[in-house]
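Asks: Need coordinates for the following:
(2 chains)
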Amino acid sequence: MIASLVYRDRYFYPAVLAAWVLGMCILYIRYSFSSEPQSSIDLRDFDTVLHQKRMIMGSILELQGALTKEHDPEQRMHIHHNIGIAWYDLHSADRQSASLDTAIRYFEKSIESSPPIARFYYNLGRAYTTAGDHRRAEQWYERTLAVNPDHILALHNLGLLNYFEKHDRPRAREYLLRLLAVRSELPICNYVLGEIAMEDDSARNACRYYEQEIDLFEKFRMRPPGLPMSPDVLRYAAAMSHRQLMMLYSTRFADQAKAQEHFHRYLSLETDPARRRQSIEQMKHYWVVKE
Amino acid sequence: METIATITQDSYSPATNIWVKIIIIIQLSLLAVQFNPEPSTNGDNAIYYALGKSIADGTGYRRILNPDLPVESTYPVVFPMLIAATQIIADNPVFPQILMGVLGALVTLLCYYLFRRSLPPILLLPLLILVAFSRLLMEYQILLMSEMPYIVLTLAALLLLEKSADKPTNRLLFWATILVSVLPMHCRTIGVAFSGAWIGGNILAKRYRYAVAHAVLLSVTFGAFALSTAGSSAYGSLGLMRNEYDPEMGSITFGEMIMRILENIKIQTTILFPKSFLFFSKPPPQVLLLTLYQVPSLLALAGWLKGLFGRDRTISFYLFLYTCIMLVWRVGNDRYIACILPFLFYFMITGLRVVVNAARMLPSLSPAGLFALLKNPENGGLDWKGRCAVWAVVVAVVSVNLYARANYADETRLTPDWTNFYSCADWVRENTPPDAVVMSRKPELVYLRSRHRGMVYPYSHDVDRIVDAMKTAGVRYVIYDNFSWTQTTLKYLYPVIISHPDYFKIVYALNNPYTFVFEFAPK
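Replies: Just a heads-up that it's a prediction; the model follows:
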């Protein structure tokens, strides 16, 4: 029988192959492609990793390579813009003005041949803001709004630009109110509107805006609002709102309990030691501070 | 009517038969030692597996890893059906991979049955040794890819043709032959070359019914597949793209096609064909590539020429059509050559026989004498010098291949970029809802690892288009890889992330090289 198994192909090969399959199945029956994931590295550092020079330069090189091969004008426009974004990001990492100038050049090149695209205009405006050319920045933000009147970031930047750089309170208020009409829960806007109300001597309105700013900060401190806003800026706006409320409750509305509450919450948020000291000194004029 | 059997001898002998068994047992032993259950990183294996699972699950022929479950139209159906059959054992890709080993042994066995009529034992055994221990074929005997089933089907079709031609009145055998002959086309699209050669070869041999029945059955099955996939097969058009990984680069022009063909001729003659015979993982010096490494290819060319004049005409046609298709394709890699490698080895051996006999006739060999040598089906026996020459070539080729096989484990070890990528897929499996859609460069492998559906980012420079595609597909997580072999993530995905930093939040990160999982939450 063994001889027949060995010599006759019709028995031999099925038997050998079946034995091989059986052996392999026994060996690998417990095999699983999946395994335990490795431990994640501290996530706090990784936001900066993503914007590291090496990473950005790699992207720029790839995109420039794609540009040399691409002939379609529409795709070239997108590539130009993406290279501009990468150079802008590189400027955020290295603070070299040459990077920013290159970003602006690429943004302008992408806009030369493109149909009106709000994002393209906005990014050019943002680059001009960073370069300190507020006149041009405003011009491009305005063009962004001409394409998309509800562009949140353009409205936001125009509001802040008019308030902080041009000191044009009515226009700043106009943009910020338009912005809040599009999206009511946006941090920083209420703080700036509060400042404008203070300057217009409308304490009640100011108080309302500051309180809204603080509420939003509490809401978004765990989960960011989904906008490219630094958590430090949100914290600053909330701290300043507490500080202003502390002053208002100490002076205009004479409510010492509320003033003290805002004072202590202000202290818990303030990160600048000099401003902190100054606020404490200021408070000493109105009531005794336990240091 | 000319039949194959009329011009051949059968080199069966008990001793040869035993040697074949020994060769196959050694082949299976080596496969068992070199078997690596880790799926290959090319991704096609995972797509095949997902398609097989889709058939086994009764969800039709769909890419179940894709969020919008499209009917598959690019991958032919035969191999996924084979995978679906293995899922009777368990839902584990290792089982169909084991089946590939069985098919590898079948390739050797089928070569024995097919070529024993045209080669004497002294040439048949070297051929089987070459097939059984080829580094390139071995790779596909432990990978979940369609190469092995394809080779088995082509060899089986030719073998059945021989059997059927011997018994022309056996209808069952005839239809079995026709059925098997159309399967290569439904296993790999490039099998169209096999169908073309089958029809052409049978017409020239005046076996018209084989040609007509094949054409009819192929049309019917192809039509049925096209209808069931709504005629959306896009595989052919991929070959006409400038870059199938960047569709926005558009289609190729006539001039570019000519340049591509010239480039492919260069790659195939200087690298791919020499490499398929004498496997090298690192390119050897150019001087070797242009001299010594060309010897097996030139021998195969001589064998191919001889095949054109004799009983191997169908195989010669097949290799010719196959090579033509390879020339117009953008990426020429050794995967394509693996599918015809047993035939190339066969032609190398027959070419060697022609060369040895021609050498014996020197210096009186005239062009007419050479032509007669090519036309002569037998070429006479080989004297001891001829046998030594054959074995010297075979030993050289097999030694290089065995050396390459010994280093296989090192070549296929996962690199850190892949380790991190897989770890991200594991994290996704453990930490995200089962229905979360994951975008990555290799969604098929992420699916295999995490069982999460996914998609690859569109290869577009239009950032908003990518974001819209992500929103439409309901993407919730994005794996940002750091692959060393491709820069598409840096080119296409990175601009999206830095343009919309507010949409992406890092939830998992690894170092060396940096690899991330982002949560995607557009506002």
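Asks: list the buried ones in stretch B:66-81?
Replies: B:Asn66, B:Pro67, B:Glu72, B:Ser73, B:Tyr75, B:Pro76, B:Val77, B:Val78, B:Phe79, B:Pro80, B:Met81 (16 or more other CB atoms under 10 Å in any protein chain shown). The C-beta positions use only the backbone N, C-alpha and C, and glycine is treated the same way.
Asks: Out of those, give me the two with the largest separation.
Replies: B:Pro67 and B:Val78 (26.3 Å; CB to CB).
Asks: ok, residue 145 - contacts?
Replies: Looking at chain A here, since you left the chain open. A:His151, A:Ala154, A:Leu155, A:Leu158 (CB atoms under 8 Å, 6 or more residues apart in numbering or on different chains).
Asks: not quite, I wanted chain B
Replies: B:Ser40, B:Asn42, B:Asp44, B:Asn45, B:Tyr48, B:Met100, B:Arg335.
Asks: again, but for A:Tyr209
Replies: A:Asn190, A:Tyr191, A:Leu193, A:Gly194, A:Ala197, A:Ser241.
Asks: Am I right that B:Asn42 is in a strand?
Replies: No: going by DSSP: H, G, I helix; E, B strand; the rest coil, the assignment for B:Asn42 is coil, not a strand.
Asks: Let me see the mean pLDDT of stretch A:204-224.
Replies: Stretch A:204-224 carries an average pLDDT of 86.
Asks: Please read the previous query as pertaining to stretch B:357-367.
Replies: Rounded mean pLDDT across stretch B:357-367 is 75.
Asks: Could you check it and say which residues are buried?
Replies: Neighbour-count burial for stretch B:357-367 [16+ other CB under 10 Å]: B:Asn357, B:Ala358.
Asks: Where in the chain is the helix or strand with the lowest mean pLDDT?
Replies: In the absence of a named chain, chain A is used. Least confident helix or strand, chain A: helix A:46-50 with a mean of 65, by mean pLDDT, DSSP states H and E.
Asks: if you could check chain B rather than the one you did, that'd help
Replies: helix B:235-238 (a mean of 57).
Asks: Point out the other helices and strands that the following helix or strand past that one packs with.
Replies: Going down the chain from helix B:235-238, the next helix or strand is helix B:254-267, by DSSP states H and E. Here helix B:254-267 touches helix B:313-328, going by 3 or more CB pairs under 8 Å, 6 or more residues apart in numbering or on different chains; DSSP states H and E.
Asks: Find the nearest non-adjacent residue to B:His336, please.
Replies: Heads up, residue B:336 is Tyr, not His. If the residues on either side of it in the chain are set aside, B:Tyr336 comes closest to B:Met326, at 5.1 Å by CB to CB, 6 or more residues apart in numbering or on different chains.
Asks: Let me see the confidence value for the one you found.
Replies: pLDDT, B:Met326: 89.
Asks: That one reaches B:Thr269, doesn't it?
Replies: No: the pair B:Met326 / B:Thr269 is not scored as a contact, 11.7 Å apart, by CB atoms under 8 Å.
Asks: Same drill for the two, tell me which one is more crowded.
Replies: Using other CB atoms under 10 Å in any protein chain shown, the more surrounded residue of B:Met326 and B:Thr269 is B:Met326, with 23 against 14.
Asks: Who are the contact partners of the more buried one?
Replies: B:Ile190, B:Asn264, B:Gln268, B:Gly332, B:Tyr336, B:Ile337.
Asks: Give me the below-cutoff pLDDT ranges for the chain.
Replies: Assuming you mean chain A. Where chain A drops to pLDDT under 70, the residues are A:1, A:43-51, A:222-229, A:286-291.
Asks: try again with chain B
Replies: Those would be B:1-12, B:230-250, B:330-332, B:365, B:373, B:377-381, B:523, if you go by pLDDT under 70 across chain B.
Asks: now do 50
Replies: Residues of chain B meeting the criterion pLDDT under 50: B:1-8.
Asks: Which residue lies nearest the spatial centre of it?
Replies: B:Glu147 (3.6 Å; CA atoms, centre = their mean).
Asks: so what's that one closest to, chain neighbours aside?
Replies: Per CB to CB, 6+ apart, closest to B:Glu147 is B:Tyr140, 4.0 Å.
Asks: can you confirm that neighbour is in a helix?
Replies: Yes: counting by three-state DSSP, B:Tyr140 falls inside a helix.
Asks: Now for it, how many residues are close by?
Replies: With other CB under 10 Å as criterion, B:Tyr140 counts 26.
Asks: from memory it sits against B:Leu103, does it?
Replies: No: using CB under 8 Å as the test, B:Tyr140 is too far from B:Leu103 to be in contact (9.0 Å).
Asks: what's the overlap in contacts for those two?
Replies: Common contacts of B:Tyr140 and B:Leu103 (CB under 8 Å, 6+ apart): B:Met148.
Asks: Now do the end-to-end distance for stretch B:181-199.
Replies: One end of stretch B:181-199 sits 10 Å from the other (CA to CA, to the nearest Å).
Asks: er, stretch A:146-155 actually
Replies: 11 Å.
Asks: Indicate whether the helix or strand hosting B:Ala50 makes contact with chain A.
Replies: Using DSSP H and E, B:Ala50 sits in helix B:44-57. No: Helix B:44-57 does not reach chain A (CB under 8 Å from any CB of the partner chain); its nearest approach is 9.5 Å.
Asks: what's the helix or strand just after that helix in contact with?
Replies: Per DSSP H and E, helix B:44-57 leads on to helix B:78-86 as the next helix or strand towards the C-terminus. Contacts with helix B:78-86, where a contact means CB under 8 Å, 6+ apart, come from B:48-49, B:51-56, B:61, B:72, B:95-96, B:99, B:144, B:146, B:149-150, B:153, B:183, B:186-188.
Asks: Ok, stretch A:58-77 next?
Replies: Taking CB under 8 Å, 6+ apart as the rule, stretch A:58-77 contacts A:79-80, A:82-83, A:86-87, A:90, A:110, A:113-114, B:246, B:248-250, B:460-462, B:487, B:490-491, B:494-495.
Asks: now do stretch A:177-193
Replies: A:150, A:152, A:155-156, A:159-160, A:163, A:172-173, A:176, A:205, A:209-210, A:212-213, A:216-217, A:219-220, A:225, A:227, A:229, A:233-234, A:237-238, A:240-241.
Asks: Buried ones among these?
Replies: Buried among the contacts of stretch A:177-193 (16+ other CB under 10 Å): A:152, A:155-156, A:159-160, A:163, A:172-173, A:176, A:209-210, A:212-213, A:216-217, A:220, A:225, A:227, A:229, A:234, A:237-238, A:240-241.
Asks: tell me the contacts of the residue nearest to B:Glu147?
Replies: B:Met100, B:Gly104, B:Glu147, B:Met148, B:Arg335, B:Ala338 are the contacts of B:Tyr140 under CB under 8 Å, 6+ apart.
Asks: Would you confirm that the first one contacts B:Glu139?
Replies: No: B:Met100 lies out of contact with B:Glu139 (CB under 8 Å); the separation is 10.2 Å.
Asks: Mutual contacts of those two, please.
Replies: With CB under 8 Å, 6+ apart as the test, B:Met100 and B:Glu139 reach no residue in common.
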